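J.: Provided below for reference: sequence and predicted model.
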Amino acid sequence: MSPGEGVILAIGPADELVRERLEVYGPYVEVAADDRHAIARHLPDTVAIAARAAAVIDEAVISAAPRLRVIGRSGVGVDRVDVAAATARGIPIAITPSAGTRAVAEGTFALILHLVKRLGRATQLVRDGAWSGREDLTLGDLDGSTLGIVGCGRIGRRVAEIATVFGMRILAHDPYADRSGVDAAVTLSDLPDLLASADVISLHTPLTAETEGLIGSRALIDVKPGAVLVNCGRGGLLDLDAAYEALCDGRLSGVGLDVFDPEPPQHHPLFNHPDVVLTPHVMALSRRAWPLILAEMADGMAEVLAGRRAPHVANPAVYERPEGNTT
């Protein structure tokens with residue numbers, strides 16, 4: 001398309017880097033994710049949507065934007081984007097699968113180490129002047145323990161790489177994983193066997209109809225007593241009621257959450273438990289990773305607007321259509 005032909009709509013907080021790379025294609029307009037009226041007002045002229053995590057790009061939004069050429073997502077999760085509607089219109093959804101991988105994997109281990117080494121309880125002992133309480137504080141070890149990774153995509157594989165340095169045995173569950181793409185140190189497993197064997201369980205699968213509520217009451221029946229559970233995937237993967245029950249009865253010894261459903265979450269009794277650590281979906285927002293994520297999203301969108309293919313899309317079927325992008 002020619003520069004300046006339509007609106008670049010940023011839904012959610014904008015960023016100067018994205019603005020600089022895309023405003024050549026049209027006016028760059030920022031609107032709040034919850035301001036449906038402002039979104040609707042700009043959609044008739046919108047050629048590109050830059051969507052932050054809170055943005056909902058449903059069929060109504062897509063159908064109200066007849067000139068829409070590309071949707072960009074700052075991340076890899078597209079559970080808030082109607083992928084089928086975008087694909088039916090031939091609209092690529094540019095995602096950022098590479099930029100945040102290392103930061104999220106590091107954040108995963110930050111949560112794991114906090115829980116396994118009981119840092120929350122240890123901190124409280126020092127604050128309370130209860131030094132002798134350390135004798136009753138049982139710290140775990142990563143060396144020689146088993147890590148169960150649910151979802152063996154880029155982040156899951158990076159978590160596995162880090163785990164080998166700690167001397168962990170690694171199990172992974174992913175029905176779509178190709179053995180050739182998994183490190184030799186990783187043993188593929190079904191979910192019940194993984195839950196029964198893992199000392200640490202780490203969730204990294206996308207949220208789909210198949211994975212929603214994947215770790216609930218039934219799954220946690222099989223969990224190894226005293227396991228630590230960390231979720232840096234999507235909030236909807238984990239049933240918080242079931243996790244809280246498992247934590248209270250000792251099936252779990254700790255829970256770490258960086259993701260929630262919805263976001264921001266409503267308060268849950270789990271949040272008050274001393275063996276829970278919570279972070280507000282920030283593990284990809286490190287000083288190094290966040291600019292890389294924004295650049296990867298903006299560059300992918302710019303490729304589409306320039307008439308080329310985005311390198312990473314959530315709906316590759318748009319490039320299998322014989323007629324290509326019809327918008």
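T.: Nice, I can see it.
J.: Check which helices and strands the lowest-mean-pLDDT helix or strand in the chain sits against.
T.: For the chain, the helix or strand with the lowest mean confidence is helix 16-22, at a mean of 92 (criterion: mean pLDDT, DSSP states H and E). Under the contact criterion of 3 or more C-beta pairs under 8 Å, 6 or more residues apart in numbering; DSSP states H and E, helix 16-22 touches strand 7-11, strand 28-31, strand 46-51, helix 289-305. Heads up, the C-betas are built off the backbone N, CA and C, glycines and all.
J.: make it 10 Å
T.: The elements that helix 16-22 packs onto, with contact taken as 3 or more C-beta pairs under 10 Å, 6 or more residues apart in numbering; DSSP states H and E, are strand 7-11, strand 28-31, strand 46-51, strand 70-73, helix 289-305.
J.: Can I get the second one in CSV, CA atoms only?
T.: Put plainly, it is strand 28-31. Written as CSV, here are the backbone C-alpha positions of strand 28-31 (Å, rounded to 0.1, in the frame of the first residue of the first chain):
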residue,chain,number,x,y,z
TYR,A,28,-0.8,6.7,14.3
VAL,A,29,-3.7,6.8,16.8
GLU,A,30,-3.6,5.4,20.3
VAL,A,31,-6.8,4.3,22.1
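J.: Tell me which residues touch Ala196, please.
T.: Ala196 sits next to Gly148, Ser189, Ile221, Asp222, Val223, Lys224, Pro225, Ala227 when contact means C-beta atoms under 10 Å, 6 or more residues apart in numbering.
J.: now with 8 Å?
T.: If a contact means C-beta atoms under 8 Å, 6 or more residues apart in numbering, then Ala196 has Asp222, Val223, Lys224 as its contacts.
J.: possible to save those residues as a markdown table with neighbour count and secondary structure?
T.: Formatted as a markdown table, the contacts of Ala196 follow (neighbours: other C-beta atoms under 10 Å; DSSP: H, G, I helix; E, B strand; the rest coil):
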| residue | neighbour count | secondary structure |
| --- | --- | --- |
| Asp222 | 14 | coil |
| Val223 | 22 | coil |
| Lys224 | 18 | coil |
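J.: returning to what we had before: pull out the buried positions in the least confident helix or strand of the chain.
T.: Within helix 16-22, the residues that qualify as buried are Leu17, Val18, Arg21, Leu22, counting by 16 or more other C-beta atoms under 10 Å.
J.: The third one and Gly300 touch, don't they?
T.: No. Contact status for Arg21 versus Gly300: not in contact, 10.3 Å apart, counting by C-beta atoms under 8 Å.
J.: Pick the most buried one from the helices and strands packed on helix 16-22.
T.: Burial of the helices and strands packed on helix 16-22 is given as mean neighbour count (mean count of other C-beta atoms under 10 Å); strand 70-73 ranks first at a mean of 28.
J.: what number of residues lie near the residue nearest to Thr108 when sequence neighbours are not counted?
T.: Of all residues beyond its chain neighbours, the one nearest Thr108 is Cys232 (4.9 Å), with distances taken as C-beta to C-beta, 6 or more residues apart in numbering. Using other C-beta atoms under 10 Å, Cys232 has 27 other residues around it.
J.: How far does stretch 198-207 stretch from one end to the other?
T.: 22 Å (C-alpha to C-alpha, to the nearest Å).
J.: Flag every buried residue along it.
T.: Buried residues in stretch 198-207, counting neighbours by 16+ other C-beta under 10 Å, are found at Ala198, Asp199, Val200, Ile201, Ser202, Leu203, His204, Thr205, Pro206, Leu207.
J.: now stretch 129-140
T.: With the criterion 16+ other C-beta under 10 Å, stretch 129-140 contains buried residues Gly140.
J.: again with stretch 226-233
T.: Within stretch 226-233, the residues scored as buried using 16+ other C-beta under 10 Å are Ala227, Val228, Leu229, Val230, Asn231, Cys232, Gly233.
J.: want to try TSV for those residues, with secondary structure as columns?
T.: Formatted as TSV, the entries for these read as follows, by DSSP: H, G, I helix; E, B strand; the rest coil:
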residue	secondary structure
Ala227	strand
Val228	strand
Leu229	strand
Val230	strand
Asn231	strand
Cys232	coil
Gly233	coil
